[in-house]
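S.K.: Build me a model:
(3 chains)
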Amino acid sequence: MIRIVRHASQAVWAIACLLMLSLASPTWAANPVATAKSVADTAIGQKCISCHGPAVEPGIYGEWKKSAHAANNVDCYDCHKLKAGEKGAFLHNGFSIQVIVTPKTCANCHKAEVEQQQRSHHAKAGNILASVDNLLGEVIGGPAAVNAGCKQCHGSTVELDSKGKPTPQTWPNTGIGRKNIDGSLGSCSACHARHSFSSAQARTPETCGKCHIGPDHPQLEIYNESKHGILFNAKKSEMNLNSKNWVVGVDYTAAPTCATCHMGATQDQKVTHDVGERISWTLRPAVSTKLNMVRLASGDEFDQPEGQALPKVGDAVKGSKVVEILTWEQRRDKMKDVCSACHSNTTVEGHYKQFDDVVDLYNEKFAKPIAGAMKELEDKGYLTHQPMDAKIKWTWFEIWHHEGRRARHGASMNGPDYTWWHGMYEVSQHTYFKWIPELKEVVRQKDGNEAFANMLLEKYFKPVAGHDWFFNGMGKDAIEKVRKGYEERYGKGTMK
Amino acid sequence: MIRIVRHASQAVWAIACLLMLSLASPTWAANPVATAKSVADTAIGQKCISCHGPAVEPGIYGEWKKSAHAANNVDCYDCHKLKAGEKGAFLHNGFSIQVIVTPKTCANCHKAEVEQQQRSHHAKAGNILASVDNLLGEVIGGPAAVNAGCKQCHGSTVELDSKGKPTPQTWPNTGIGRKNIDGSLGSCSACHARHSFSSAQARTPETCGKCHIGPDHPQLEIYNESKHGILFNAKKSEMNLNSKNWVVGVDYTAAPTCATCHMGATQDQKVTHDVGERISWTLRPAVSTKLNMVRLASGDEFDQPEGQALPKVGDAVKGSKVVEILTWEQRRDKMKDVCSACHSNTTVEGHYKQFDDVVDLYNEKFAKPIAGAMKELEDKGYLTHQPMDAKIKWTWFEIWHHEGRRARHGASMNGPDYTWWHGMYEVSQHTYFKWIPELKEVVRQKDGNEAFANMLLEKYFKPVAGHDWFFNGMGKDAIEKVRKGYEERYGKGTMK
Amino acid sequence: MIRIVRHASQAVWAIACLLMLSLASPTWAANPVATAKSVADTAIGQKCISCHGPAVEPGIYGEWKKSAHAANNVDCYDCHKLKAGEKGAFLHNGFSIQVIVTPKTCANCHKAEVEQQQRSHHAKAGNILASVDNLLGEVIGGPAAVNAGCKQCHGSTVELDSKGKPTPQTWPNTGIGRKNIDGSLGSCSACHARHSFSSAQARTPETCGKCHIGPDHPQLEIYNESKHGILFNAKKSEMNLNSKNWVVGVDYTAAPTCATCHMGATQDQKVTHDVGERISWTLRPAVSTKLNMVRLASGDEFDQPEGQALPKVGDAVKGSKVVEILTWEQRRDKMKDVCSACHSNTTVEGHYKQFDDVVDLYNEKFAKPIAGAMKELEDKGYLTHQPMDAKIKWTWFEIWHHEGRRARHGASMNGPDYTWWHGMYEVSQHTYFKWIPELKEVVRQKDGNEAFANMLLEKYFKPVAGHDWFFNGMGKDAIEKVRKGYEERYGKGTMK
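M.R.: Numbers count the residues shown, from 1 in each chain, chains lettered A, B, ... in the order given. Coordinates of the predicted model:
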């Protein structure tokens, strides 16, 4: 059948289009593109398919054909048309079109979703790359690694060649914070992959794992080892992923995916594409803080760390006016509302206590003391002001950016292996047995002795709970008990 | 429909309960809770649901509704009731209940399963944490990391607050060796997740991977890369996971999961919840030994390493009497019985030969020589008696606890990448190029020379097969051949 | 039903066989074994099953029963028979059979597939092990680790014991390059697992991940994090994996698996079991080259790196005659043909540009300079001619063999996390902060100063773009901008 279509695509398409028109339904009638659609545009769409149909682009066509778009009379031209003269427009067989479809285009039909996404943390992911702060990638690695690596998640800054087509350095790219020619940010197909743009697919954890994976932000790995992920994998067929409505506790109860907790509808909350809304800690930087959120009349929003002055609704801020404040407690309450679909209050509060305690432990015992000492090393000339030019800088970078995040993310999402083995085990080992020896070496290189290093340890580490064993040893009794325990379990001569 | 229930839950529930009563069947009649159940208890169960139903706790309710429990008239109150005055009991709307349901409660209906589980290695997983031997986590990491990390697999020691509710440091926790208030050990929901308590879910490899994952015991990763895991993932729909009976070769032939081999029924063996029964090697400690098993009249059991005196049936041991001995050969035979559902005898014997050879190689070439040298370093004052206070102690810890386990586990379950790259490759590299240099450094720090280190190498390494290249070089001919082979494959100038 | 069969297998089998005979169809008639099959052989096959049926080998029998083999009257004896006197043949209940079924046997029916496989790169995977170039495994690790590790992917050299059965050191083994007793190479069941030999299973990415996984060739991990893998996991049910024909764009459009791109049929290309055919770069060695392919009249083929003299069709080469040349551009065109089923030309060209740029960056900035310096260290006596006997040799080995491959593979298959974090991030960090310090140490050990090391850096690194920051620092302005960017994002005192 498909092979026939291949050789007689135009004729078959004429019939198919007639059939589609005769199936016009209220669903489609409610669709702004479909209703507003001119006869001319419909004809152009058919023309697109007469070439880009199953014979030449069977994958694109086949996925589109299964999509809600096809079912609602939204075709190639509806998304790819662009007024002649606009940046990125070029003439193709007499029609003015664009290669890259941006959130601006998607907003023609999906206004609320795009508004939420444009103000979100996701939309700003390209900032790390558009500025020069991506030294690590550009300078030490190399630009090619940034294009095929960092930017594939963070988003490129799209550039056009002389023919108005995107340059190969900046596209293909579906980074979540892509800086588009039209000024919009991100790429809807980062999550809703072409050309079916399926919600079911976007709801799978693997979709988020495109970027939320790996040594520095292993959210997918943590999810998969958590009870949540175990249940999802065991009960995927009960997840009702294809349902239009997807309210946790109503449409499905088997398990939450990433989308459930960070975006999903509950009985009391609507779905949101502002993914950071329900997050109360930032687990990203060297030292974690709780985050309040400020929303502006401009449609934008930003995070304000706990402890920093918070504007009030109505205040003029960043060239706009504050329209809403979400404190970190309110953001957390939004998340707890999701939890409560499946968990009692005691469980939810217990989880947050265990999670907060891990963040506090990481912050207070490790991150702040090291950050304090690193700053002093730089201020006193033991280290340059240049980033990443000494081993100790890499060690500290990996402690906070890789290992410390793994511990914090692990605790946030119930992945014990990540909390401990990939997380705090590495943070503590590398603090005591890499960073401290390197600190002493840095000082010895300059001073010929370790006095300043020991002073820094006394100043930043000694006052903090948990380092006593390092300064004073473990105590004979404690050690004897420990040895006994290990030897009973593992036999003589192991844990030494 | 569910939304209607939400607003009229009690009325609907009255009808539902009548329907359920009218469906009473032999299955349910055979259930001790259901048959013994008083009219009063049934009424209380309905009362629970009138609040904790779909409107307020839709996830808990929804999963329970799909469960065998619901189908067999086992409801909230049957599991959560606890006699007033017992530890953990508290009054809730006039009813005496408990938050945490323990194996003791589950044993009311699932007696055999709980008896097997209580005597198993799983039930004792909390011992590592209830004693002080968890120094690594508590002292070097920090208590918060232990609560959200280690204890989430090993199990917490549950403590109650002044209101009789579990403290947030010790719960939520579904560790397999959790020490419960009522003296029972573990948590059935570690594997059978709330509130459907599904066997199908417990049979998936991901369930075991909650804990059997990560750098120190990557059984899930190994399974997934093995033929067994490949077939499971390709043929999940042929696994008949929802079948009540689940006999390998009868109810399914597509692939084994963890549960198949370690717990599953065969044509000649019943299912068991004593997960260690079919294991003949312990791959956990620094040096592996084969393990005989001693079962006691008390219902408990313990492992006795090969080579240690084994009691006889009838002997008085540990305050009880020996009722059964399973030698390591008998334990292995139980596993081979599973293998033989899908493999010929030649294949099974070949597998065990390849597996045993890897364990022997690890034991004899690496683990025993290092352990011997480490003991002597400590005995002679080169290292303290304090655990984990020198880099070389961490190196040895990771060689046996992480890398050596990966090699041994990899060989046991046919994961070649783990056997070699994550396993013996790292064991050998780190022995020769981390541990030996650190040994020399430790000795040099004290003696100003390396003589004692070299003596230890001569004593512990030289007599062992496989270290000749280290002491005498590889020999000119061998090297030339090797170079030639590499250069043919990879080109000039690589493998140097 | 199966239990009945167990106790009356022969009777039931007689009936089953009659039924099967009566179902003889054109499909089967086209099958050379089935059509050529003698009445005697059919009777022997039934005899095999009378013992090896569901009672004794339920897994083997059950999987075979579901297979296309069973449906086409191909049974145990058709594959396991071997003429008496041939190597590997032994008498079993009066019948001369073989344990291991090799590609030679499979070729009786699957001629084209085996011919493609025998000439492919896959078939030669055992070469690394059959020669002595596996020093790393055999000498530094140990033979047992090679048997259960390396050889399980690369393939053992099968040896027979005195009874004609394979030795346990060399079998079980389904390595893709196994050297069989009959001279054939590899094992069809490496991918088509026994005893269903399913195409659907062989098409899953996990099948390839048996070997293409892990620190040195993480293709499965990269696929899984790519859009391709995300879509496969989300839309597995739309993949039509069980279809006999499996043409991308015709039979499925949801996602490509490994098999799609490297072996799969398109509207213009047939399926091939010559897996390397569509590959234009080799990403395996220390320095990548593009590869032309030379096919010989003998049925064999080999790769010729770009830049090396290429024979012409008709030339006498390696005892045979050249029948076909595929340049690297032609090989790439074959791959692009697959891409084009789902991607526009702009996307495909953009992908290859981004990929090529990463390989070039790795080659020029890192691999060639290090390889040059390593060669000179050895030539000048700073390092021995012996492989893997100094830390710096391991460092370089892991840079190219692990990290550099991860970067290159990541870029080839759109896994940004592998391209950067597991790839170029590690390559660059370890070049600057492990290999260079070790280079200086090696030189200092011999010369008492670092002059020769600095000369090597000047010679091999300084002329290459991208190392300027290392020699001249980053420049005050650049650093200030970088610092500002980081501090805005992460707060004061982090990126130092």
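
S.K.: top helix in chain A by residue count?
M.R.: helix A:345-361 (DSSP state H).

S.K.: surely residue A:73 meets residue A:64?
M.R.: No - using CB atoms under 8 Å, residue A:73 makes no contact with residue A:64, being 11.9 Å away. Where C-beta positions appear, they are placed from N, C-alpha and C, glycine not excepted.

S.K.: How about the contacts made by the residue nearest the centre of chain A?
M.R.: With distances taken as CA atoms, centre = their mean, the residue of chain A nearest its centroid is residue A:212 (5.5 Å). Neighbour list for residue A:212: A:218-220, A:258 [criterion: CB atoms under 8 Å, 6 or more residues apart in numbering or on different chains].

S.K.: What residues does the stretch 301-450 of chain A have near chain B?
M.R.: Counting by CB under 8 Å from any CB of the partner chain, the positions of the stretch 301-450 of chain A adjacent to chain B are A:340-344, A:346-347, A:349-351, A:353-355, A:357-358, A:360-361, A:365, A:407, A:410-411, A:414, A:416-425, A:427-429, A:432-433, A:437.

S.K.: Nearest to chain B: which residue in the stretch 101-250 of chain A?
M.R.: Using CB to the nearest CB, the single residue of the stretch 101-250 of chain A nearest to chain B is residue A:249, 2.8 Å away.

S.K.: how far away is that residue from residue A:256?
M.R.: 10 Å (CB to CB, to the nearest Å).

S.K.: Quickly list what's touching both of these two.
M.R.: residue A:342.

S.K.: what's around the residue nearest to residue A:403 when sequence neighbours are not counted, how many residues?
M.R.: Closest residue in space to residue A:403, ignoring its immediate chain neighbours: residue A:426 at 4.0 Å, by CB to CB, 6 or more residues apart in numbering or on different chains. By the criterion of other CB atoms under 10 Å in any protein chain shown, residue A:426 has 21 neighbours.

S.K.: before we move on, what about residue A:237?
M.R.: So residue A:237, with other CB under 10 Å, has 11 neighbours.

S.K.: pLDDT value on the closest residue to residue A:125 other than its chain neighbours, please?
M.R.: For residue A:125, ignoring the flanking residues on the chain, the nearest one in space by CB to CB, 6+ apart is residue A:177 at 3.0 Å. Residue A:177 carries a pLDDT value of 96.

S.K.: Could you pull up the residues touching residue A:177?
M.R.: Shown in contact with residue A:177 (CB under 8 Å, 6+ apart): A:122-127, A:129, A:154-155, A:185-186.

S.K.: Checking it next. Helix, strand or coil?
M.R.: Put simply, residue A:177 is coil when judged by DSSP: H, G, I helix; E, B strand; the rest coil.

S.K.: For residue A:186, see how far away it is.
M.R.: Distance from residue A:177 to residue A:186, by CB to CB: 6 Å.

S.K.: check contacts around residue A:466.
M.R.: For residue A:466, the contact set (CB under 8 Å, 6+ apart) comprises A:361, A:365, B:139, B:142.

S.K.: helix or strand for it, which one?
M.R.: For residue A:466, there is no enclosing helix or strand under DSSP states H and E.

S.K.: Does residue A:204 touch residue C:233 like I think?
M.R.: Yes - Residue A:204 lies in contact with residue C:233 (CB under 8 Å); the separation is 6.6 Å.

S.K.: Which positions in stretch A:229-249 come out as buried?
M.R.: Within stretch A:229-249, the residues that count as buried by 16 or more other CB atoms under 10 Å in any protein chain shown are A:229-236, A:238-241, A:246-249.

S.K.: nope, stretch A:401-412 is what I meant
M.R.: A:401-412.

S.K.: Closest one of those residues to chain B?
M.R.: Of the buried residues of stretch A:401-412, the one sitting nearest to chain B (CB to the nearest CB) turns out to be residue A:411, at 4.4 Å.

S.K.: quick one: secondary structure of that closest one?
M.R.: Going by three-state DSSP, the state assigned to residue A:411 is helix.

S.K.: and it, what does it touch?
M.R.: Applying CB under 8 Å, 6+ apart, the residues contacting residue A:411 are A:354-355, A:358-359, A:419, A:423, B:148-149.

S.K.: please redo it, this time with the cut-off set to 7 Å
M.R.: A:354-355, A:358-359, A:419, B:148 (CB atoms under 7 Å, 6 or more residues apart in numbering or on different chains).

S.K.: quick one: pLDDT of residue A:293?
M.R.: Taking residue A:293 on its own, its pLDDT is 98.

S.K.: so it is in which element?
M.R.: Here residue A:293 is assigned to strand A:289-296, by DSSP H and E.

S.K.: Give me the angle between that strand and helix A:345-361.
M.R.: Going by axes from the mean of the first three to the mean of the last three CA atoms, to 10 degrees, strand A:289-296 is angled at 110 degrees with respect to helix A:345-361.

S.K.: ok, residues contacting strand A:289-296?
M.R.: A:279-282, A:301-306, A:310-311, A:317-318, A:320-328, A:331.

S.K.: What of stretch A:357-369?
M.R.: A:281, A:286-288, A:400, A:404, A:407-408, A:411, A:419, A:427, A:431, A:460-461, A:464, A:466, B:142, B:144-145, B:147-148.

S.K.: Also stretch A:393-406?
M.R.: Outside stretch A:393-406, the residues touching it (CB under 7 Å, 6+ apart) are A:215-218, A:283-284, A:286, A:362, A:366-367, A:370, A:374, A:387-388, A:418, A:422-423, A:426-427, A:430-431, A:434-435, A:438, C:429, C:433, C:496.

S.K.: same deal with stretch A:342-356?
M.R.: By CB under 7 Å, 6+ apart, stretch A:342-356 touches A:336, A:339-340, A:411-412, B:59-60, B:99, B:147-148, B:165, B:168, B:171-172.

S.K.: mind running it again at 8 Å?
M.R.: By CB under 8 Å, 6+ apart, stretch A:342-356 touches A:248-249, A:253, A:256, A:281, A:332, A:336, A:339-340, A:411-412, A:414, B:57-60, B:63, B:99, B:144, B:147-148, B:165-166, B:168-169, B:171-172.

S.K.: how about the residues of the stretch 151-300 of chain A that lie near chain B?
M.R.: Looking at chain B, the residues of the stretch 151-300 of chain A close enough under CB under 8 Å from any CB are A:224-227, A:229-231, A:233-235, A:238, A:248-250, A:253-254, A:267.

S.K.: just the strands in the stretch 151-300 of chain A please.
M.R.: In the stretch 151-300 of chain A, the strands defined using DSSP state E, counting those that start in this stretch lie at A:281-282, A:289-296.

S.K.: Compile these into TSV and extend it with columns for mean neighbour count.
M.R.: Below are the strands of the stretch 151-300 of chain A laid out as TSV (neighbours: other CB atoms under 10 Å in any protein chain shown):
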stretch	mean neighbour count
strand A:281-282	20
strand A:289-296	21
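
S.K.: I'd like to know how many residues surround the closest residue to residue A:68 other than its chain neighbours.
M.R.: Spatially, and ignoring its direct neighbours in sequence, residue A:68 is nearest to residue A:197 (7.4 Å; CB to CB, 6+ apart). Residue A:197 has 21 neighbouring residues, counting by other CB under 10 Å.

S.K.: Next, the contact list for residue A:197, please.
M.R.: A:67-69, A:188-189.

S.K.: And the helices in the stretch 151-300 of chain A?
M.R.: Using DSSP state H, counting those that start in this stretch, the helices of the stretch 151-300 of chain A run over A:151-154, A:199-202, A:205-209, A:219-225, A:227-234, A:258-262.
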